[in-house]
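Q: After the sequence you'll find the predicted model.
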Amino acid sequence: MILLQSLDDFPESLRGSAVSIGNFDGVHLGHARLVERLRAMAKKVGGPAVVFTFDPPPVRILRPEAAPEPLIWLERKLEILEELGADAVLVYPTDKTFLELEARVFFNRIVRDRMGARAMTEGPNFFFGHNRSGDVDGLRRFCAESNLPFEVPEPVEIGGRIVSSSRVRSLIAEGRLGEARKMLGRPYRIRGVVVRGAGRGAQLGYPTANVDQIDTLMPGEGIYAARALANDIWYPAAVNLGPNPTFDDGGLKIEVYLIGFQGTLYDQPIEVDFLARLREIKRFASVDSLVDQMARDVAKTLEIVS
């Protein structure tokens, strides 16, 4: 897959493409269908399938106070778009000058002239141009005037609800990771760096990796079955996300017990796939009761991961 980070000197080999533009936050099943149709249209017009996305998302510049936490980091987004079959991804470095382009100017200058697009496909809630003045109907009209095939695929529905980034975000924030997984088509993943904690897990027989510097949305509090990537190896993992009320510790932490791992991971990167929420966090009457529950959590995790 070709990665571009500028429209300057747009490669001739990518002109005549089918193009889809958007944030693709989370790259969920709705996005997967969009890329599938993008590939079909690219084949029809005899060009590559090009995804045009943004870094940062426009809302972080226009309304930073309202910008939601992202569902995915850029490198992971690119990895999944490549798996879905995109031939090229343009990651545009968003700025105010770009966002001030009127919708028709954006279409004429960027889509038609710079990229030389021959077809487009977009989701039903697509907006573009200054003050989001352009919508799907406007884009359909622009494409028709330029003889570009245009398609809006049917949205993906699960449980009677349309799959969307906002819906996925709500499920993750509520700790409903199983439902979010269905909409994403894969487990929800975070990344971070292992930092030193209180060492309490090791004292209890379950040494944990304390994760910090997380740059995506955190799931809701709870105990989770997961798997964790450390030193290029995936391990089953039981995760405590939240406080430790048994020890009167109210700080929000993410502690990951990598089952079968031996050694230390301080200052090392780690990635965590959340598979299922096991239970809520609660205060135990004794440390022994907590340890007994931790053993059950680990056993349940192994059942789920295997």
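A: That came through, no problem.
Q: Just say helix, strand or coil for Gln262.
A: Recorded secondary structure, Gln262: coil (DSSP: H, G, I helix; E, B strand; the rest coil).
Q: what stretches of the chain score poorly on pLDDT?
A: Flagging of the chain using pLDDT under 70 yields the residue ranges 250.
Q: Could I get the full set of helices for it?
A: Remark: helices assigned in the chain by DSSP state H are 29-45, 59-62, 74-84, 96-99, 103-105, 136-145, 165-173, 177-184, 200-203, 287-305.
Q: could the ones you listed go into TSV alongside distance to Phe127?
A: Every residue, glycine included, has its C-beta placed from N, CA and C. What follows is the helices of the chain, written out as TSV (distance: least, Cβ to Cβ, whole Å):
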stretch	distance to Phe127
helix 29-45	15
helix 59-62	11
helix 74-84	20
helix 96-99	12
helix 103-105	9
helix 136-145	8
helix 165-173	14
helix 177-184	22
helix 200-203	47
helix 287-305	40
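Q: Out of these, which is closest to Val156?
A: Val156 lies closest to helix 29-45 among the helices of the chain, at 4.7 Å (Cβ to Cβ).
Q: Counting neighbours, what do you get for the residue nearest to Asn240 when sequence neighbours are not counted?
A: Among residues not flanking Asn240 along the chain, Glu255 sits closest, at 4.5 Å (Cβ to Cβ, 6 or more residues apart in numbering). Residues lying near Glu255 (other Cβ atoms under 10 Å) number 20.
Q: do Asp232 as well
A: Per other Cβ under 10 Å, the neighbour tally for Asp232 reads 5.
Q: so what's it up against?
A: Neighbour list for Asp232: empty [criterion: Cβ atoms under 8 Å, 6 or more residues apart in numbering].
Q: can I assume the residue nearest to Asn240 is in contact with Tyr206?
A: No. Between Glu255 and Tyr206 there is no contact, the gap being 9.0 Å when judged by Cβ atoms under 8 Å.
Q: Of all the helices of the chain, which one is nearest Leu217?
A: helix 165-173 (5.6 Å).
Q: Thank you, goodbye.
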